[in-house]
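# Sequence plus the predicted model coming up.
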Protein chains: 2
Amino acid sequence: MKVIVLKENLNTGINIVARASGKNLTLPILNNILISAEKNFLNLSATDLELGIKYWILTKIEKEGKITVPSKVFSGLINFLPNEKLTLESKNQTLYISSENHKTQIKGQTAEEFPIIPKIEDKNSIELNCAQFCKGLSQVVDFSVLNQARPELSGVYLSFQKNKLQLAATDSFRLAEKNLYLEKNNQKPAVHTQEISFILPQKTAREIINILSDKKGKLRLYYSSNQVLFEYLMEETSHPQIEIVSRLIEGDYPDYQGIIPQKYQTQVVLSKSDLLNQIKAASIFSGKSNEVKIKVDFKREGVEIISQNPEYGENRSFLKGVLDYDEGAVKEMEVSFNYRFLVDGLLNIPTSKVVFGLNGEEGPAVLKPESDQDYIYVVMPIKSS
Amino acid sequence: MKVIVLKENLNTGINIVARASGKNLTLPILNNILISAEKNFLNLSATDLELGIKYWILTKIEKEGKITVPSKVFSGLINFLPNEKLTLESKNQTLYISSENHKTQIKGQTAEEFPIIPKIEDKNSIELNCAQFCKGLSQVVDFSVLNQARPELSGVYLSFQKNKLQLAATDSFRLAEKNLYLEKNNQKPAVHTQEISFILPQKTAREIINILSDKKGKLRLYYSSNQVLFEYLMEETSHPQIEIVSRLIEGDYPDYQGIIPQKYQTQVVLSKSDLLNQIKAASIFSGKSNEVKIKVDFKREGVEIISQNPEYGENRSFLKGVLDYDEGAVKEMEVSFNYRFLVDGLLNIPTSKVVFGLNGEEGPAVLKPESDQDYIYVVMPIKSS
């Protein structure tokens, strides 16, 4: 193999694929990056066997071939080199990197030992808006949880219905759901003719967000029964630039729709940042239970945020809001929450006003943006003992 | 006690004094902040018995008095309150904090149990330029080291000679020295009539940098045989705003002057950022010894940076520079360094060009700014075994 490539382009690619390579003691080749040169492209790939990432660079290939080198050494080195043309050459399981004032030899392993990252038939594919999809994922991904007893909670649930994509995640204490809308064209087969759903591992979802959030344009998703591939194309050539392949989590996702309350006994519209700060101030006094109380104040029209702790003292603050309630709503309502769950939910709401929907002391409460019906965060109160 | 104070001002003060309060299990009152109101000032103080910090706020005192409250609870709470006027009131060992929509009670302890932060007679004092002093301290402080066998190395050495202040720190592998110049006036007694020196604990030096770096104007230092006080005044009233009191480290500082080479067999002037990046690139291959080699290249005029490791491979880069050398300088010179020591030194050099002075394979080497004679960093090579 002999390739000439700009350090900047190589560095971008390494930083992306290195996310899939880790510290694997039983199979050390997984700590490597596979470098291969074919036709006009330099390809980098890495995998941890659950997640695989590939990256292509259009560049000058003088001789085709491939080699693998340790990801940490390769990425560490390239990062610190000056931004100039580098020559990459493989000989005797060693990668030679050179530029005008610089010569490096990295000891590698033959590419034959590197596991093959599986391909997916391109029969079934869906076109997504890349930035919207990443933003939606980021609003739910934190609420999935690694759970050995219930592995299906360890991922984000994607459900395609007609021209809608529903993203959901829950750890059984709280739940977030986001709706995205798909374009009608370019779906094979047309997604509105069949319902498709699967569970994407949390790690894959996080890496998609990290790698693709700042990309414009389209992202194409290919799926089979146990795997999924996300493909992002180069603007100039419509050759793939990035591919992320992931296994899917087996099992049935819980039927969570029944948990999402369709209406609220009491609803308050509040300033998001004020609510966030006052919950944080209250949290100082919440002690080990993390408990803060939300008391709806019908007279003053707003909520009181209360916390107390026999050791430290107590804290009460009032926040004015716009109240809306059922005819028969209980006028003395005080609901307890784990403050962390409220903070996590608020941090995923992008608007300045938040709708806080309450259903008594034990019913599920809701946080959602004031002006966006497509995101909802459901949180269970702490039951009074 | 009853005080009315702006949250913003209170918050600034708490964040400063809280640096001296910690997690003390044997003497829990040290985890508290002492709040006292006297005349027109609200005073906050905290101490860990080695370091004490006081902060004054000019504000409306309705009733004098004092109380102590846990630093963590107090600072956590105030940080999240909206920026408005707060009323602080003490009753029955409880601090009541209130504003229009907010009420807090923090359980405290009586002020009588709080240790007295010692005062220093103001007979001996020196006036410093606050920003210059902090910047100088920051260029040496990292090279002092907590060392039980040699406690004198655990601090920064301050030596006042005529109108010069010399700051030095060493961990016995490397040494940094910075010279600052004092104004002739306002020194009591005039510093040029006597030499004064002491060892300031590393923690105190770090807190001075953290707290005072962005302050303009003068800083006054009061000293006695075992303590030192740094006083920063309010601009408007010339009442103290911040006082930092610290014990000094006992013992004699090593006579380090002899170690600083006065001339170099070979001197190269190099780009600081290029040298830094190339040392970092080399470090990837340095292995556990952290060893990188610097080879002076007389023909190409510059240095070659070399590192190798049987496991990973090797790295060589060349960096052009301006060479200057003794008549009799050895033309084949290759000196080994711990790359971390070179990186640490370079990071404290603010200029774009650095002078790298070498004295053979075993003699002390020097890094210093090209255009500043007042800072020097000395580093010992790794001796060839």
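Great, that's in hand. Numbers count the residues shown, from 1 in each chain, chains lettered A, B, ... in the order given.

# So residue A:141: helix, strand or coil?
Applying DSSP: H, G, I helix; E, B strand; the rest coil to residue A:141 yields a three-state assignment of helix.

# my guess is it meets residue A:203, correct?
No: using Cβ atoms under 8 Å, residue A:141 is not in contact with residue A:203; the gap is 9.7 Å. From N, CA and C alone the C-beta is placed, and that goes for glycine too.

# out of those two, which sits in the busier spot?
When residue A:141 is set against residue A:203 and neighbours are counted by other Cβ atoms under 10 Å in any protein chain shown, the residue ahead is residue A:141, at 22 against 19.

# list the contacts for the closest residue to residue A:10 other than its chain neighbours?
Distances taken as Cβ to Cβ, 6 or more residues apart in numbering or on different chains place residue A:78 nearest to residue A:10, at 5.7 Å, with adjacent residues excluded. By Cβ atoms under 8 Å, 6 or more residues apart in numbering or on different chains, residue A:78 lies in contact with A:7, A:10-11, A:14, A:86, A:97.

# swap in residue A:87?
Listed by Cβ under 8 Å, 6+ apart, the contact partners of residue A:87 are A:2-4, A:96-99.

# ok, and the closest non-adjacent residue to residue A:56?
Spatial nearest neighbour of residue A:56, excluding adjacent residues (Cβ to Cβ, 6+ apart): residue A:41 at 4.8 Å.

# need the contact list for the one you found.
By Cβ under 8 Å, 6+ apart, the residues touching residue A:41 are A:56-59, A:61, A:239.

# taking those as a set, which two sit the farthest apart in space?
Largest separation among the contacts of residue A:41 by Cβ to Cβ: A:61 and A:239, giving 13.7 Å.

# The closest residue to chain B within the stretch 201-350 of chain A - nearest residue in space that isn't next to it in sequence?
Going by Cβ to the nearest Cβ, chain B is nearest to residue A:281 of the stretch 201-350 of chain A, at 3.7 Å. Take residue A:281 and drop its neighbours on the chain: the residue closest to it by Cβ to Cβ, 6+ apart is residue B:80, 3.7 Å away.

# Looks like the one you found contacts residue A:278 (just checking).
Yes: using Cβ under 8 Å, residue B:80 is in contact with residue A:278, at 7.2 Å.

# Give me the number of neighbouring residues for residue A:158.
For residue A:158, the neighbour count with other Cβ under 10 Å is 25.

# Specify the beta-bridge partners of it.
Following DSSP bridges, residue A:158 is listed with bridge partners residue A:167, residue A:198.

# Name all residues that make contact with it.
Listed by Cβ under 8 Å, 6+ apart, the contact partners of residue A:158 are A:165-167, A:197-200.

# can you redo these as CSV with neighbour count and pLDDT?
What follows is these, written out as CSV (neighbours: other Cβ atoms under 10 Å in any protein chain shown; pLDDT from 0 to 100):
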residue, neighbour count, pLDDT
A:165, 23, 94
A:166, 18, 96
A:167, 23, 98
A:197, 15, 93
A:198, 20, 95
A:199, 24, 97
A:200, 25, 98
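
# Please pick the buried ones from the contacts of residue A:87.
The neighbour-count test (16 or more other Cβ atoms under 10 Å in any protein chain shown) marks A:2-3, A:96-97, A:99 as buried among those.

# and chain A, which residues reach chain B?
For chain A, the contact set with chain B under Cβ under 8 Å from any Cβ of the partner chain comprises A:70, A:73, A:76-77, A:80-82, A:94-95, A:101-107, A:274, A:277-278, A:280-281, A:284-285, A:311-320.

# Show the buried residues in the residues you listed.
With burial judged by 16+ other Cβ under 10 Å, the buried subset of the residues of chain A next to chain B is A:70, A:73, A:76-77, A:80-82, A:94-95, A:101-107, A:274, A:277-278, A:280-281, A:284-285, A:312-319.

# from these, which ones fall inside helices?
Per DSSP state H, helices hold the following members of these: A:73, A:76-77, A:80, A:274, A:277-278, A:280-281.

# between those residues, which is closest to residue B:264?
Nearest to residue B:264 among these: residue A:80, at 26.7 Å, using Cβ to Cβ.

# show me the contacts for the closest one.
B:277-278, B:280-281, B:284.

# Which of the contacts of residue A:78 fall within helices?
Among the contacts of residue A:78, the members falling in helices (DSSP H) are A:7, A:10-11, A:14.

# Export these as TSV, with columns for neighbour count and pLDDT.
Below are the ones in helices among the contacts of residue A:78 laid out as TSV (neighbours: other Cβ under 10 Å; pLDDT from 0 to 100):
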residue	neighbour count	pLDDT
A:7	19	97
A:10	24	98
A:11	18	98
A:14	23	98
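
# out of those, who's nearest chain B?
Of the ones in helices among the contacts of residue A:78, the one sitting nearest to chain B (Cβ to the nearest Cβ) turns out to be residue A:7, at 11.1 Å.

# thinking the closest one is in contact with residue A:83, fair?
Yes: Residue A:7 is in contact with residue A:83 according to Cβ under 8 Å; the separation is 5.1 Å.

# any idea where the strands of the stretch 151-300 of chain A begin and end?
A:155-161, A:164-170, A:174-181, A:196-201, A:218-223, A:227-233, A:240-247, A:266-271, A:291-297 (DSSP state E, counting those that start in this stretch).

# Quick one: low-confidence residue ranges for the stretch 251-385 of chain A.
In the predicted model of the stretch 251-385 of chain A, residues A:385 satisfy pLDDT under 70.

# What ranges does it have for its helices?
In the stretch 251-385 of chain A, the helices defined using DSSP state H, counting those that start in this stretch lie at A:272-283, A:339-347.

# what packs against the last one?
Same thing as helix A:339-347. Helix A:339-347 sits against strand A:174-181, helix A:272-283, strand A:291-297, strand A:365-369, strand A:375-379, with contacts defined as 3 or more Cβ pairs under 8 Å, 6 or more residues apart in numbering or on different chains; DSSP states H and E.

# ok, now the first one?
In terms of contact count using 3+ Cβ pairs under 8 Å, 6+ apart, helix A:272-283 is assigned the packing partners strand A:291-297, strand A:302-309, strand A:313-320, helix A:339-347, strand A:353-358, helix B:71-80.

# Reformat the ones you listed as CSV; add distance to residue A:155.
Output for the helices and strands packed on helix A:272-283, formatted as CSV (distance: least, Cβ to Cβ, whole Å):
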stretch, distance to residue A:155
strand A:291-297, 30
strand A:302-309, 34
strand A:313-320, 36
helix A:339-347, 18
strand A:353-358, 27
helix B:71-80, 34
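
# Which of these sits closest to residue B:258?
Residue B:258 lies closest, by Cβ to Cβ, to one member of those: helix B:71-80, at 45.0 Å.

# Now do that closest one and helix A:272-283, the angle between them.
Following axes from the mean of the first three to the mean of the last three Cα atoms, to 10 degrees, one obtains 170 degrees for the angle between helix B:71-80 and helix A:272-283.

# Could you check the angle helix B:71-80 makes with strand A:302-309?
170 degrees.

# now helix B:71-80: how far from the chain's centre is it?
Relative to the chain's own centre, helix B:71-80 is displaced by 26 Å; criterion: Cα atoms, centre = their mean, to the nearest Å.

# Equivalent analysis for stretch A:98-106, please.
Going by Cα atoms, centre = their mean, the spacing between the C-alpha centre of stretch A:98-106 and its chain's C-alpha centre is 37 Å.

# Same question for stretch A:162-180.
How far stretch A:162-180 lies from its chain's middle: 12 Å, per Cα atoms, centre = their mean.

# Endpoints of it, how far apart?
Chord length of stretch A:162-180, first to last residue, is 11 Å (Cα to Cα, to the nearest Å).

# how about that stretch: buried residues?
By 16+ other Cβ under 10 Å, the buried positions in stretch A:162-180 come out as A:165-171, A:174-180.
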